[in-house]
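>>> what follows is a predicted structure for the sequence shown.
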Amino acid sequence: MSNINKTKSNQSVRIIHWLDTGIFPATVMFSCGFEFEEIITLLKKKKASQWLFGIEDQKVFIESSNYCYVSTTLMDKKTKKETRLFYLIVKEVFRFTDFEYCKLAHEVLHICQHILKDILDRYKEHEAEAYLHTHLMQNILKELRK
C-alpha cells in the first residue's frame, strides 16, 4: 500500500505507511502525527477495511498513549484463515530527539516480539529479532525523513 496524506512540517511528517517485515509473514501499519479519529477517517478514505476493522475497537487504548503498538488477528469466516495485523502508532509529531528514537525503538521491539513469537523460539534464536528490528527501524526512519 502507498502513503496516505503525507504533509511535511518543520520537524516531522504526518504519515500513514505500510511496512513490510522482510522474510517474515506480516505487515505493519505505521502512523505518525495523527489522532485516532484521523487514522480512522484516512483508513475509510483509503478503503482499507481490513485495517480499519482491526483497529476500530482499540480507541481507548490508542488514545491513552502517544506511542503504542496494537496487534490483532482477524479470521476469514469462509476460509478460516487467520490474518495478523500490526499497528505502530505515534500520535505526536516525531521531532528526531534521542528520547523519541528510544520510544520508537521500544515500540518496534514489541512488534518484533509479537511477529516472531509463533515463528521461532526467542530463547534460542536472537539474530532474527535483531534483523527484524533493524529492518523496521530503517524503513520507519526513511519514511519519517522524506
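Received it, and whenever you're ready, just let me know what you need.
>>> which residues touch Gln113?
Contacts for Gln113 (CB atoms under 8 Å, 6 or more residues apart in numbering) come out as Arg122, Glu129. For the C-beta atoms, the positions are set from N, CA and C on the backbone; glycine is no exception.
>>> what are the buried residues along the helix or strand containing it?
Using DSSP states H and E, the element containing Gln113 is helix 98-116. Neighbour counts over helix 98-116 (16 or more other CB atoms under 10 Å) mark Glu100, Lys103, Leu104, Glu107, Val108, Leu109, Ile111, Cys112, Ile115, Leu116 as buried.
>>> likewise for stretch 86-95?
Neighbour-count burial for stretch 86-95, counted by 16+ other CB under 10 Å, picks out Phe86, Tyr87, Leu88, Ile89, Val90, Lys91, Val93, Phe94.
>>> was I right about the last one contacting Ser31?
No - under the criterion of CB atoms under 8 Å, Phe94 lies out of contact with Ser31, with a separation of 10.9 Å.
>>> show me the shaky parts of this structure.
Applying pLDDT under 70 to the chain flags the ranges 1-12.
>>> that one: strands as residue ranges?
For the chain, strands defined by DSSP state E occupy the ranges 4-8, 13-20, 27-32, 67-75, 82-90.
>>> pick the most deeply packed of the ones you listed.
Most buried of these by mean neighbour count (mean count of other CB atoms under 10 Å) is strand 27-32; its value is a mean of 22.
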